[in-house]
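In: Sequence and predicted structure are below.
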Amino acid sequence: MTQEPAHVYLRHGLAPFFRLRRADLEAGLSAGLAAVDAALLGVPWDGGVTYRPGARFAPYELRRVSALLQSYHPGHAIDVFARLRTVDAGNVPLAPFGPAAAREAVEASVAALVDAGTRPFLVGGDHSITLPALRALARRHGPLAMIHIDAHLDTSTAATWGEAIHHGTVIRNACDEGQIARHQLYQLGVRATWATSSDGDYACEHGGRRYGVDRITDTGAATLAQQIARGLGDHPVYVSLDVDAIDPAFAPGTGTPVPGGLSSREALALLRGLAGINLVGMDLVEVCPALDHADITLHLGAALLYEGLALAAIAVRDRSLVTSGPVTHT
């Protein structure tokens, strides 16, 4: 499923993700998803933030800027949208209140995509949307390997804010519920300050590995990602990318900025270096358009989503070469 030509996008004035075909949400998420490999799903929810809200508007703005990206990835030598049959599945319809109801809606929407054999790519929204996505995916695939790119550990408890589920608890929640496999948690870019010296213990006790920005810089983002990819083998992998992992000099449009983060080039290299993983889903979260400057966070966010889709396209290509030869997409 290729992109619409640029002149068509300009004529009708609508902006689906990457100028892709839109799925018919009114008929149900599973409708129109036959033989679709991946679906981008907007999640306009930011009721789980602990600082500045506004990420609910990211799906709309990311659609707008993603229209500028073309389909062919010269680094991977693959036409992403010719190989990966991808649609814009619209947004999860959410009221701006009722966190439990929002999580149920996200989980149901992701489950519908997974049941249709489609990889979900969630576009948040805040990081609390990751938990219901993992719940739906783990029911299909079992415990997942998690690549968590973030400035924060996200292992807080209800003791911090009086709430058990918000954007700072997703990793603890998912580990406690068994969605993340033991020894399959990889946290990259973590650098925010801790409340106590024991804040990092929880992920370590789950067998997690933590790679700070200095480690990424010293090893090289691409090299480190390749090492992680080799260790993952064919394990089903979910990538959760909080844009605050990236230095606010490159991504100011986020509600929880932390100085000293990844460069945009390092973030892109991390994703490219994961080529070959069995990617079953991804999200991009915590983009806050109102805090952005000249759309630079939005453009980076769209590029990061594109890199994730390229990873899925590579997985489709690799399996087709082994099982049935070249795949023809309509």
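Out: Looks like it arrived, so ask away.
In: going forward, measure contacts between C-alpha atoms and count neighbours the same way
Out: OK.
In: Could you pull up the residues touching the residue nearest to Glu107 when sequence neighbours are not counted?
Out: Nearest in space to Glu107, with sequence neighbours left out and distances taken as CA to CA, 6 or more residues apart in numbering, is Pro132 at 4.6 Å. If a contact means CA atoms under 8 Å, 6 or more residues apart in numbering, then Pro132 has 103-104, 106-107 as its contacts.
In: contacting residues for the residue nearest to Ala221 when sequence neighbours are not counted?
Out: Among residues not flanking Ala221 along the chain, Leu270 sits closest, at 5.1 Å (CA to CA, 6+ apart). Contacts for Leu270 (CA under 8 Å, 6+ apart) come out as 221-222, 224-225.
In: residue ranges for the strands of the stretch 151-300 of the chain, please.
Out: Per DSSP state E, counting those that start in this stretch, the stretch 151-300 of the chain carries strands over the ranges 180-188, 209-211, 236-242, 278-285.
In: Out of these, which gets nearest to Pro248?
Out: Each of the strands of the stretch 151-300 of the chain has some distance to Pro248 by CA to CA; the shortest is strand 236-242, at 12.3 Å.
In: what's the angle from the closest one to strand 278-285?
Out: Note on geometry: by axes from the mean of the first three to the mean of the last three CA atoms, to 10 degrees, strand 236-242 and strand 278-285 are set 20 degrees apart in direction.
In: one step back: now render the contacts of Pro132 as TSV, adding distance to Ala313 and secondary structure.
Out: Shown next, in TSV, are these (distance: CA to CA, whole Å; DSSP: H, G, I helix; E, B strand; the rest coil):
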residue	distance to Ala313	secondary structure
Arg103	28	helix
Glu104	29	helix
Val106	24	helix
Glu107	24	helix
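In: Using ChimeraX, define a selection of the buried residues within the residues you listed.
Out: To isolate the buried ones among those in ChimeraX, judged by 16 or more other CA atoms under 10 Å, type:
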select :103,106,107
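In: Closest to Ser128 out of the contacts of Pro132?
Out: Once CA to CA is applied, the member of these that ends up nearest Ser128 is Arg103, at 8.3 Å.
In: For that closest one, which non-adjacent residue is closest in space?
Out: Using CA to CA, 6+ apart, the nearest residue to Arg103 is Pro132, at 5.6 Å.
In: Over to Asp283?
Out: Asp283 sits nearest to Leu122 (CA to CA, 6+ apart), 4.4 Å away.
In: Just confirm that neighbour is within a helix.
Out: No. According to DSSP: H, G, I helix; E, B strand; the rest coil, Leu122 belongs to no helix; its state is strand.
In: Please tell me I have it right and it contacts Leu40.
Out: Yes. Taking contacts as CA atoms under 8 Å, Leu122 lies within contact range of Leu40: 6.0 Å.
In: And the helices in this protein, which stretches?
Out: 6-12, 58-66, 80-83, 99-115, 130-141, 158-161, 170-177, 201-205, 213-219, 221-232, 264-272, 296-323 (DSSP state H).
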